[in-house]
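Chemist: Here is the input, now give the coordinates:
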Amino acid sequence: MKVAIVGGAGHVGLPLGVVLADAGHYVRAIDSDPDRVQLIAAGRSPFKEPGLDELLKVGLDTKRFTIGTDISVVSGCDVVIVVVGTDLNERDSPQNDSVLSVIGQLRRLVSPSATVVLRSTVMPGTTARSAELLHGFAREVVFCPERIAEGRALEELRAMPQLVGTATGQSSSSLSDLFGSIGVETIPMTWKEAELGKLILNTWRYSQFAIANEFRRICESQEVSYRRVRESILRGYPRGVGLMGPGLAGGPCLRKDTLQLLADDQSKSELLRSVIDSHQRLISEVVEEVHQRRQSESDVVVQLGLTFKPGSDDLRGSVALELAVALSKEYKNFQVVDPYVQTDTGFTHTSLEAAIEVADVLVVGTRHPEFLDQKFSIPCIDLGGFRVFSESGRVE
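Modeler: Numbers count the residues shown, from 1 in each chain. Below is the predicted model of the structure:
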């Protein structure tokens, strides 16, 4: 098949493109970021993902994968996949304008025999609206959300079933053939079922982290270690599976998808709204803890990690990054350590060795492998270590 991916230079579009090219399809990736396009065309991924550079090189060498900025290459493609980012505005309201803008462009370009696939996470009803806009211009419009975990993208694309939402809830032959070529099952749903399914799953995960943080708060109020409680009650007890550890849960999906689910929530779920509030409290908790631990205005506060998950270079939706912004406003001698971040963040970056020498207060933002089991001469504030304040001075 000839496949176009609009948003093909991102964390979702690029792995999908090279996997489909490796399966024998001709993939035309399109992206509005010329710097990323140039980097990818030279055979280098703009982000960290195991195995991606190698597979990208194969796709480029065989000419089954190409990338550019011209969206007109969608003409004549059998499948057009839209995977542009969806954002929150300044009031935290979800915005799907970027998706609908692309759909508007496709009206004059897409083949009438083409299947258009929305892979961006959207609010319920967006696929139906897109189908209205493309009526008479494309054969069908399908919603097929991405569900891969960063760091396991290539592996999960070849193993994880794909939710496929159609107008009738029946299967799409184009998507069955496309994903069948990489050996994965497609699960037919209606548009709204698939839209809600993606949002519900991420909201459930976000809620699990919120509950874990609440349990940590309760335990600390009783001067009890949540780590010891959790480890003990889970030992040999299968029904405790899913009881998470606490920490800064973020990333490009969890909070945003929860807000998208709540954006048009007719049930007015107070429980899910409290999940948002529970996570928001974490930053102020850490800032207050630093206030209590510092000795003077000149104390050096160092945060370990900025990215949204360990071992990643991805800053999108990172609560650790939000925490760093809050701390930098409070403390003039604020520094960060993150061996994975190469871009300019506006903070003073230092090495782990230098941080250990100068820090008066340490804050763990991201629990990178390089930080685990480090012994420090001062205590550290580590939400993910099951206590806000770790007397051991160790990231465990």
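Chemist: per-residue pLDDT, G393?
Modeler: On the pLDDT scale, G393 is placed at 50.
Chemist: now G245
Modeler: At G245, pLDDT is 88.
Chemist: Kindly report the same for the one 3 residues further on.
Modeler: At L248 the predicted local confidence, pLDDT, stands at 86.
Chemist: Likewise for W204?
Modeler: The model reports W204 with a pLDDT of 95.
Chemist: Tell me how many other residues crowd it.
Modeler: 15 (other C-beta atoms under 10 Å). C-beta: built from backbone N, CA, C; applies to glycine.
Chemist: For the helix or strand that contains it, buried residues please.
Modeler: Secondary structure from DSSP states H and E places W204 in helix 191-221. Neighbour-count burial for helix 191-221, counted by 16 or more other C-beta atoms under 10 Å, picks out 191-199, 202-203, 205-213, 215-217, 219-220.
Chemist: Stretch 316-333 now?
Modeler: Residues 316-324, 326-328, 331, 333 are the ones in stretch 316-333 that count as buried (16+ other C-beta under 10 Å).
Chemist: neighbours around E285, how many?
Modeler: E285 has 15 neighbours, counted by other C-beta under 10 Å.
Chemist: Wasn't it part of a helix?
Modeler: Yes: assessed by DSSP: H, G, I helix; E, B strand; the rest coil, E285 belongs to a helix.
Chemist: Leaving out the residues flanking it, which one is nearest to F137?
Modeler: Closest residue in space to F137, ignoring its immediate chain neighbours: R107 at 4.9 Å, by C-beta to C-beta, 6 or more residues apart in numbering.
Chemist: Ramachandran angles for that neighbour?
Modeler: When read as degrees, to the nearest 10, the backbone of R107 gives phi -50, psi -40.
Chemist: Contacts only, for it.
Modeler: Taking C-beta atoms under 8 Å, 6 or more residues apart in numbering as the contact definition, R107 lies against 133-134, 137.
Chemist: mind listing the strands for the stretch 101-250 of the chain?
Modeler: 115-118, 140-143, 162-166, 186-190 (DSSP state E, counting those that start in this stretch).
Chemist: Mind putting those strands into TSV with mean neighbour count and mean pLDDT?
Modeler: Formatted as TSV, the strands of the stretch 101-250 of the chain follow (neighbours: other C-beta atoms under 10 Å; pLDDT from 0 to 100):
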stretch	mean neighbour count	mean pLDDT
strand 115-118	28	98
strand 140-143	26	98
strand 162-166	23	98
strand 186-190	18	98
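Chemist: Of these, which is nearest A41?
Modeler: Proximity to A41 (C-beta to C-beta) singles out strand 115-118 among the strands of the stretch 101-250 of the chain, at 23.7 Å.
Chemist: which stretches of the chain aren't confidently modelled?
Modeler: 384-396 (pLDDT under 70).
Chemist: Let's see that with 50 instead.
Modeler: Residue ranges of the chain with pLDDT under 50: 386-392.
Chemist: one step back: using TSV, lay out the buried residues of stretch 316-333 together with secondary structure and distance to D31.
Modeler: Listed next are the buried residues of stretch 316-333 as TSV, based on DSSP: H, G, I helix; E, B strand; the rest coil; distance: C-beta to C-beta, whole Å:
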residue	secondary structure	distance to D31
R316	coil	16
G317	coil	20
S318	coil	22
V319	helix	27
A320	helix	27
L321	helix	23
E322	helix	27
L323	helix	30
A324	helix	28
A326	helix	32
L327	helix	34
S328	helix	31
Y331	coil	38
N333	coil	40
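Chemist: With distance to G17 added, can I get those in JSON lines?
Modeler: Listed next are the buried residues of stretch 316-333 as JSON lines, based on distance: C-beta to C-beta, whole Å:
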{"residue": "R316", "distance to G17": "19"}
{"residue": "G317", "distance to G17": "23"}
{"residue": "S318", "distance to G17": "25"}
{"residue": "V319", "distance to G17": "29"}
{"residue": "A320", "distance to G17": "29"}
{"residue": "L321", "distance to G17": "28"}
{"residue": "E322", "distance to G17": "31"}
{"residue": "L323", "distance to G17": "34"}
{"residue": "A324", "distance to G17": "33"}
{"residue": "A326", "distance to G17": "37"}
{"residue": "L327", "distance to G17": "38"}
{"residue": "S328", "distance to G17": "37"}
{"residue": "Y331", "distance to G17": "43"}
{"residue": "N333", "distance to G17": "45"}
